[in-house]
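**Q** Here is a sequence together with a model predicted from it:
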Amino acid sequence: MGKEIVKTECLGCAETFDGIVMDCEKCGGVPVLRLSDMEWDISSNRPNIWRYASMLPKFKRYVTLGEGLTPIRKYRKYKLKLELRNPTGSYADRASAVLSSYFLSKDPNAPVRIKYASDFTYSLVSYLIGVPEVEVVLDDPFSVEVEEILSLIELGATVNFSDASAQLSYMNPLTIEGLKTTVFELFERGIKRGKIFVPAETGILAISIWKGIEDLRAIGEDVGFEVVAVHLEGMKIPSSLDRVRGIDVFEVSRDKALKKLIELAKTGIKTKLLSAASLEAMEEDGEEGSIAIITASDSRRRTLPVGKNSRLSKEILRLLSEGGGGTAYEIWERMGKYTLRGVYKSLASMESAGLVASSFSVEGRRKKKVYFLPNEDMKKGSSNS
Ligand SMILES: [Zn+2]
């Protein structure tokens, strides 16, 4: 913890703000965090992005579903980073771990409103299982993946159509903090230079990887990475990239991307067209040792440890917040339905996700494990740092 000073700097107008600011009210540009106390000190016992906690903003609670540490596969003379091996099947899980930690640390009872974006929303809603009220706002029915909407409802979110204000956009500094860990994993594995080809639809991943490289340089590490943002022919180059110096842009034709998509599927990697495009761009460029980021799986989702039975998880969380902690057996008794085994399993997965905590107490000669909400004793603070 210590004396961390967090500032937010807008890449658009260079304005700086104290604390974490989610969007620049001055110009609407992309804000990034400036952390005062970063150091490269890996918590190697954490099999998730929090192994890089020393390079990330600090929170009271840390949420994880096991995101990150995705495989790096050799491909001809190149490398692929398989982000589709994240808990919900996409790179967005890295961002969701940071965003949900922020929301749960700030005020676990405050409702969260999210602007819909493919992959991101499904991921974040899965991570926000401890938040009682999650609303997803669709502002463009044409850019919606229908199947995804149904899964969001299954996860307990409300879905509304509106163009209304105050809602979370993914172009925010905490998304960037989460996604930047992708480059830390390369660095931890001893990969310190080369071109990184990044699918760019909004440009957020390219900016995040660039930020990760900047942060490594800020603490004095010698890294020689270059970021190449890849977009499909006929699609606009994301305007967010205009303001970031040091990101190259590469255009790939649709038919070549499609051929690559099919070729990849034959090797067992089912991804999206834009990810296939980044691989195509890497091969057209031809530099040995380059890395392509495969961001997401086609549309099939992996089953989530917590999300799988989210209704049960949500009920347990509500019960704990209303009636205080208890043993798994007591919780099961209070619920009146579900199986004891189901309650045990749900508690175990929520504990590993950081949503519930436990301690042992002794009653007579018996030791019992008591579950409770992690910051039950903490009064709601609205610390913004
Ligand atoms: Zn600005």
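**A** Received the coordinates, thanks. Numbers count the residues shown, from 1 in each chain.
**Q** which residues does A95 contact?
**A** Counting by Cβ atoms under 8 Å, 6 or more residues apart in numbering, A95 makes contact with F120, S123, L124, Y170, L174, T175, I176, E177, G178, L179. For the C-beta atoms, the positions are set from N, CA and C on the backbone; glycine is no exception.
**Q** Now for the fourth one, how many residues are close by?
**A** Y170: 23 surrounding residues under other Cβ atoms under 10 Å.
**Q** how close does it sit to A95?
**A** 7 Å (Cβ to Cβ, to the nearest Å).
**Q** list the residues that contact both of those two?
**A** What both Y170 and A95 touch, as defined by Cβ under 8 Å, 6+ apart, is the set F120.
**Q** wait, W332 sits on L340?
**A** Yes - with contact defined as Cβ atoms under 8 Å, W332 and L340 form a contacting pair (4.8 Å).
**Q** and the gap between the nearest residue to D41 once chain neighbours are set aside and the ion?
**A** Closest residue to D41 apart from its sequence neighbours, by Cβ to Cβ, 6 or more residues apart in numbering: S54 at 4.2 Å. Counting by Cβ to the ion, to the nearest Å, the gap from S54 to the ion is 28 Å.
**Q** Number the chain from 6, please
**A** With 6 as the first residue, the last one maps to S59.
**Q** coming back round to it: more neighbours: W337 and L345, which one.
**A** More crowded of W337 and L345, by other Cβ under 10 Å: W337, with 20 against 13.
**Q** residues touching the residue in the stretch 156-305 of the chain that the ion sits nearest to, list them.
**A** Using Cβ to the ion, the closest approach of the stretch 156-305 of the chain to the ion is made by R248 at 9.2 Å. Going by Cβ under 8 Å, 6+ apart, R248 touches L16, G17, G34, V35.
**Q** cool, and T276?
**A** Neighbours of T276 in contact, by Cβ under 8 Å, 6+ apart: L89, L266, L269, I299, T300, A301, S302, D303.
**Q** phi, psi of it?
**A** Torsion angles at T276 (phi, psi; degrees, to the nearest 10) stand at phi -130, psi -170.
**Q** Could you report the distance from it to I77?
**A** T276 is 15 Å from I77, by Cβ to Cβ.
**Q** ditto for E292
**A** Taking Cβ to Cβ, one finds E292 at 17 Å from I77.
**Q** and what of K185?
**A** In terms of Cβ to Cβ, K185 sits 17 Å off from I77.
**Q** Among those two, which residue is more densely surrounded?
**A** Taking neighbours as other Cβ under 10 Å, K185 and I77 compare with K185 leading, 29 against 15.
**Q** From G24, how far off is the more buried one?
**A** 19 Å.
**Q** For the nearest residue to G328 once chain neighbours are set aside, which residues are in contact?
**A** Excluding its sequence neighbours, the residue lying closest to G328 (Cβ to Cβ, 6+ apart) is R339, at 6.6 Å. Counting by Cβ under 8 Å, 6+ apart, R339 touches L324, G328, G331.
**Q** what do you get for T13?
**A** By Cβ under 8 Å, 6+ apart, the contact list for T13 reads T21, F22, D23, G24, I25, V26, P36, V37, L38, R39, P178.
**Q** close enough to count as contact, the fifth one and I10?
**A** Translated: I25. No - with contact defined as Cβ under 8 Å, I25 does not count as touching I10 (11.6 Å).
**Q** So between the two, which is more surrounded?
**A** Neighbours were counted for I25 and for I10 using other Cβ under 10 Å; I25 has more, 20 against 11.
**Q** What pLDDT is listed against that one?
**A** You'll see I25 listed with a pLDDT of 95.
**Q** So it belongs to a helix, correct?
**A** No - per DSSP: H, G, I helix; E, B strand; the rest coil, I25 lies outside any helix segment and is coil.
**Q** Tell me where the model's unsure across the stretch 206-355 of the chain.
**A** By pLDDT under 70, the weakly predicted segments of the stretch 206-355 of the chain are 304-314.
**Q** And the strands in it?
**A** Secondary structure of the stretch 206-355 of the chain by DSSP state E, counting those that start in this stretch: the strands cover 229-237, 252-257, 296-299.
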